[in-house]
Structure formats: C-alpha cells, structure tokens
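Colleague: need coordinates for the below:
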Amino acid sequence: MDLHTHTRFSDGIGDIRDNIAEAERKGLRIVGISDHIHFFTPHVLNSYLSLINQAKKDSETIVLAGMEANILPEGVDITDDLRKRLDYVIASVHMYFNPGSHHKYLELVKTAIQDENVDIIGHFGNVFSYIGHPSIKDYKEIIDLAEEYGKGFEISTRYRVPELDFIKFCIKRGVKLVFGSDAHQPKDVGNINWGLKAFKRAGGKKEDLIFSELL
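Modeller: Below you'll find the predicted structure:
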C-alpha cells in the first residue's frame, strides 16, 4: 500500500489517474490520494472527490480518498463535515522548530492523536535530526496515547522515519502502521521500499497495518 501521495490538486505534478496508474504498474493493492488540505475550496473538493470516486470504480487497485491535514498550535485544520467524506486523514506537522524544541513538536502530535477526525500521524520525526531526538520515555508516552485513541503512524520512505525502535514499540503495543511514499510526482508512487524493510526488520505482519482487511 501507499497511502501518502499528492497530485495537482495540491503541490504534486500529476493527475489522480496518473498516480493510480503508477500504483497499478507497481502492483500495489491499495493506493491513497492524500492532497494537502489547505489547497481546497468547497468547489475544488467536490471535483477531487468526484474524480477519486470514479477511479474507485475503474481501477483494479483499491483507491482510497484521503487528505493530509496540518497540525497547528490551535489544532488540526480538518472539520467534522470534511472527514465524513473521506476514507482517512493523515495529520502532519509542517512547522519550523528551533534546535532543542522537540517537546513542542511532540505536544502538537499529541493534540492530533486526540483529534477524532485524524487517523494517521504523517512522517513522525522527520525533523528530529534538526531539533533533537526525544527520549524513550517520550516515545512511549506518544505510543500510549496513540493506543488509547486508536491512531496509527506512517512509515515514510521519503523521510526514513520513524526510527526502528519506535516502529517496534508500535507493533508491540498494537498501534497500527501504514506505508507512504509522500510522492509528489507519479513516478514516485509506490516507492516504499525503505518502509517495507524497516517494517519487516521490526517484526511487522499484515495485521499490524491499517486497512489490512483490504490486503
């Protein structure tokens, strides 16, 4: 599966059908279209969902309608009404942090985990090499909260995160995972090799994945 792909509806360069065609070419069972939420007006959203829903009927690969929302200090910018129209929502931090401020990042992630409209935390930890790495205790607090609220984490091949120990903790605690390429051009859809290898090294099995029932 690849649940993190972008198209011209946000900052990608391909069409929805281009992403799906690449997923089919690479033999993916599931592909998700998850464009950035802040690019959408109500009219554009209707077009986006209409094209995805048509593709669901035409494609041999399972196509899911997603969205990548932003985790902001005031919360995640996803509404109840919009969530009802989607198959899943990824929430990601896209803010700048100063070195040593990883606790601010973690607090934002905790806010998203507690948001009922969020399903997956995107590219968790992609900024840790710049702002500092949390402790094992910090990781366990995040995973405890994710377990409590039933949220999952993306294994991002683009950023090569989360760390292997974090993935192992998730599997041990039953916190679900997904694979994502974070593709911004069709040729990158399905590029999840790093994530697959990390998942296998951590002892992951099909049942540890979100949407495993579709695989």
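Colleague: going forward, measure contacts and count neighbours with C-alpha atoms only.
Modeller: Fine.
Colleague: how about the longest helix along the chain: buried residues?
Modeller: Secondary structure of the chain read by DSSP state H shows that its longest helix is helix 42-58. Across helix 42-58, burial judged by 16 or more other CA atoms under 10 Å covers 45, 48-49, 52, 55-56.
Colleague: distance of residue 96 from residue 211?
Modeller: Distance, residue 96 to residue 211, by CA to CA, to the nearest Å: 32 Å.
Colleague: which residues touch residue 187?
Modeller: By CA atoms under 8 Å, 6 or more residues apart in numbering, the contact list for residue 187 reads 19, 22.
Colleague: and what of residue 163?
Modeller: Residue 163 neighbours (CA under 8 Å, 6+ apart): residue 125.
Colleague: next: residue 51.
Modeller: Contacts of residue 51 by CA under 8 Å, 6+ apart are residue 16.
Colleague: over to residue 92?
Modeller: 68-71, 109, 121-124.
Colleague: beta partners of it?
Modeller: For residue 92, the beta-bridge partners are residue 70 (DSSP bridges).
Colleague: distance of it from residue 126?
Modeller: The value you get for residue 92 to residue 126, if CA to CA is used, is 10 Å.
Colleague: same check, this time on residue 38
Modeller: 21 Å.
Colleague: in terms of neighbours, single out the busier of those two.
Modeller: residue 126 (18 against 13; other CA atoms under 10 Å).
Colleague: need the pLDDT of the more buried one.
Modeller: With respect to pLDDT, residue 126 scores 97.
Colleague: specify the local secondary structure of residue 153.
Modeller: strand (DSSP: H, G, I helix; E, B strand; the rest coil).
Colleague: count of neighbours near it?
Modeller: So residue 153, with other CA under 10 Å, has 29 neighbours.
Colleague: kindly report the same for the one 5 residues further on.
Modeller: Taking other CA under 10 Å as the neighbour definition, residue 158 ends up with a count of 18.
Colleague: with residue 29 instead?
Modeller: For residue 29, the number of neighbouring residues by other CA under 10 Å comes to 15.
Colleague: contact partners for it?
Modeller: Per CA under 8 Å, 6+ apart, neighbours of residue 29: 1, 61-62, 214-215.
Colleague: do residue 194 as well
Modeller: 157, 160.
Colleague: show me what residue 209 is bridged to.
Modeller: Under the criterion used (DSSP bridges), residue 209 bridges to residue 177.
Colleague: wait, it touches residue 171, no?
Modeller: No: at 9.3 Å, residue 209 does not count as touching residue 171 under the criterion of CA atoms under 8 Å.
Colleague: show me the strands in the chain, by range?
Modeller: Counting by DSSP state E, one finds strands in the chain at the ranges 30-33, 62-72, 75-76, 88-92, 120-121, 152-156, 177-180.
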